[in-house]
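Trainee: Sequence plus the predicted model coming up.
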Amino acid sequence: MPSNAEIERTLRDAAESVALLVGELSRPVVVIDGRSGAGKSTLAAIVARLLEAEVLGLDSVYPGWDGLRAGADAVIEGVLEPRSLGRAGRWVRWDWLRGEAAEPHDVDPHSPLIVEGSGILTPRSAALADVSVWIDSPPRSRKQRALDRDGDTYRPHWNRWAAQEEAHLAAHRPDQLATVTVRVP
């Protein structure tokens, strides 16, 4: 297994590359996709600090364990598309404990925005983003990190979620849409 320092260095270097690509844009949109445990949330947090950006993590939007596509589509339609027209976006938080939709959240169309989550990088979202990122990592490393993070809550759903990721990869080829590819050990 790679060391935490090695992973952090890789993600920090990737974040600096993203920040350079964004350049002087006043309200950039960055989408970050990758399979579970690849490092999307960590990369998004680093980029957010560099750009002083808001982060919208799809983990807060997916409508349950079978909701990868529905969550990504909700953010594309409710946040990214309105934002491209200069309008505020809106997303609805999923309450994982209750298994139901919770409160809505508005997204300022004039602030830097990072959207991260499995399934977010599609042809539609790539066209709406200034920078799109695909994070790749070996399956064993990803699974170890994801289960270390979420433990027994996630363990029974790993294969079910992975099947949705596979469907997304086959349908949208996010690795081919990315302007930046990050290989996390």
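Mentor: Thanks, I have the structure now.
Trainee: For the lengthiest helix in the chain, which residues meet the burial criterion?
Mentor: Using DSSP state H to define each element, the chain has its longest helix at helix 4-22. For helix 4-22, a neighbour-count test (16 or more other C-beta atoms under 10 Å) marks 7, 10, 11, 14, 15, 17, 18, 19, 22 as buried. From N, CA and C alone the C-beta is placed, and that goes for glycine too.
Trainee: Contacts for it, please.
Mentor: 28, 30, 39, 42-43, 46-47, 50-51, 112, 130-131, 133, 135, 179-180, 182-185 (C-beta atoms under 8 Å, 6 or more residues apart in numbering).
Trainee: Now list the buried members of those.
Mentor: Taking 16+ other C-beta under 10 Å as the criterion, what is buried in the contacts of helix 4-22 is 28, 30, 39, 42-43, 46-47, 51, 112, 130-131, 133, 135, 179-180, 182, 184.
Trainee: What residues does the residue most central in space within the chain make contact with?
Mentor: The structure's the chain has its C-alpha centroid closest to residue 116; by C-alpha atoms, centre = their mean the separation is 1.7 Å. Residues near residue 116 by C-beta under 8 Å, 6+ apart: 31, 32, 33, 40, 41, 43, 44, 55, 56, 57, 58.
Trainee: Highest neighbour count among these?
Mentor: In terms of neighbours by other C-beta atoms under 10 Å, these top out with residue 32 at 34 neighbours.
Trainee: is it true that that one lies in a strand?
Mentor: Yes - membership of residue 32 in a strand is supported by DSSP: H, G, I helix; E, B strand; the rest coil.
Trainee: so what's it bridging to?
Mentor: Legend: beta-bridge partners of residue 32 under DSSP bridges are residue 116, residue 133.
Trainee: low-scoring stretches of the protein, by residue?
Mentor: The chain contains residues with pLDDT under 70 at 1.
Trainee: go again using 90 as the cut-off
Mentor: Scanning the chain for pLDDT under 90 picks out 1-26, 147, 149-153, 155, 185.
Trainee: Could you pull out the helices in it for me?
Mentor: Counting by DSSP H, the helices of the chain are 4-22, 40-51, 68-75, 81-84, 123-128, 139-154, 158-172, 174-177.
Trainee: quick one: which of those is nearest residue 108?
Mentor: helix 81-84 (8.9 Å; C-beta to C-beta).
Trainee: elements contacting that closest one?
Mentor: Applying 3 or more C-beta pairs under 8 Å, 6 or more residues apart in numbering; DSSP states H and E, one finds that helix 81-84 contacts strand 89-95, helix 123-128.
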